[in-house]
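Asker: pasting the sequence and the predicted model now:
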Amino acid sequence: SFDEFQFKRGIVTVSEDGVPSVKIQSSIEKIKVVTGWEKYKNLEQPFQGGYFNSGFSKDVFLGRFKNKDVAIAQLNKKHDEERNLEDLLQELKLIKLGQYFMNSFYNRVNQDGALASFLLNGFFMVILNTAMKWNVDDMFLGQVLSGEDIQRRPNENGSLTWPDFIVYAKLPDNGKFRKFSGFFEVQNNKDRMGEWVDAFGHHVVLDSAFTLCIVDLQGWVISKDDTLILFDPQANRQVLCFKMFGVWDDGMRGIESYMEQHECNTICEALGL
Ligand SMILES: [Zn+2]
């Protein structure tokens, strides 16, 4: 069963020069949130009973918005309301930035058909394209109206844990989870999808003029059409270099360490990174 909440929506935008901001809309909307998902979390049964999965500090579970299934993300109960909102805002901004740099990455790829073919060690190579994106479509922040009842029932029958939540599009069923880089090391993947992800990582460092790197890249691979949906960049935010907003102090050190470990692959070379 579901609880229903009234909420206001916050939309994140990124300006032309890459600065994100959030705007809360005035209209009031309704969303349904599954109850009792926590039972399945405690039983460690992901994708059962409306419970999807949990990350480092976050839970993801089922919601229904405008008659469509969606994924709802919040911090787990170990945190508090204030920390939850702070974290969700960081995550929304970071994912939006990720997509901003994904767009500039594909602009680079498409420039003059640079990747249609290129010469490697005297061999003429054709490099096949992939489709990577962040899970930004239909993504927004929800803020339950004050006075609405947020249930934190001890018998695991609750729905929302905190008044603020993120709504994401539900990932397609035919995909598979994959991690492309670890906590502290760059993986330098050898397969095609992995090389594309690593080249994107390198591109972010260059295109942000050494102010940003996303070390921990993970997502949902749909192999039949070479698609990758990236998500949850905040799971390991202590190793995310994110100097642009002064959030993490050793941003520059992290970026240097990333560049030392990264080995340019064929995609990097084709793009002239
Ligand atoms: Zn490279």
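Answerer: Here it is on my side, so go on. Residues are numbered from 1 along each chain as shown.

Asker: when you work out contacts or count neighbours from here on, use the C-alpha atoms and nothing else.
Answerer: Noted.

Asker: just the element for the one residue in the stretch 1-150 of the chain that gets nearest to the ion, please.
Answerer: Closest contact between the stretch 1-150 of the chain and the ion, by C-alpha to the ion, is at Phe105 (12.5 Å). Secondary structure from DSSP states H and E places Phe105 in helix 81-110.

Asker: now that helix: buried residues?
Answerer: Residues 84-85, 87-102, 104-105, 108-109 are the ones in helix 81-110 that count as buried (16 or more other C-alpha atoms under 10 Å).

Asker: give the contact list for the residue positioned nearest the centre of the chain.
Answerer: Geometric centre of the chain, nearest residue: Phe231, 2.5 Å, by C-alpha atoms, centre = their mean. Counting by C-alpha atoms under 8 Å, 6 or more residues apart in numbering, Phe231 makes contact with 95, 134-135, 217-220.

Asker: grab the longest strand from the chain for me.
Answerer: Longest strand in the chain, counting residues (DSSP state E): strand 20-34.

Asker: how far off centre is that strand?
Answerer: In terms of C-alpha atoms, centre = their mean, to the nearest Å, the centre of strand 20-34 is found 19 Å from the chain centre.

Asker: alongside the ion, which residues does the protein contribute?
Answerer: Residues of the chain lying close to the ion by C-alpha under 5 Å from the ion are 264, 268.

Asker: in the chain, mark out all the helices, start to finish.
Answerer: Taking DSSP state H to define them, one finds helices in the chain at 37-42, 81-110, 192-207, 251-261, 266-271.

Asker: which one of these has the poorest average confidence?
Answerer: With a mean of 80, helix 251-261 has the lowest mean pLDDT of the helices of the chain.

Asker: that one versus helix 192-207: what angle between them?
Answerer: Relative orientation of helix 251-261 and helix 192-207, computed by axes from the mean of the first three to the mean of the last three C-alpha atoms, to 10 degrees: 140 degrees.

Asker: how far off centre is helix 251-261?
Answerer: Worked out by C-alpha atoms, centre = their mean, helix 251-261 lies 21 Å from the chain centre.

Asker: other SSEs contacting it?
Answerer: Counting contacts by 3 or more C-alpha pairs under 8 Å, 6 or more residues apart in numbering; DSSP states H and E, helix 251-261 packs against strand 212-213, strand 241-242.

Asker: give the buried residues for that helix.
Answerer: Quick answer for helix 251-261 (16+ other C-alpha under 10 Å): 251-252, 254-255, 258-259.
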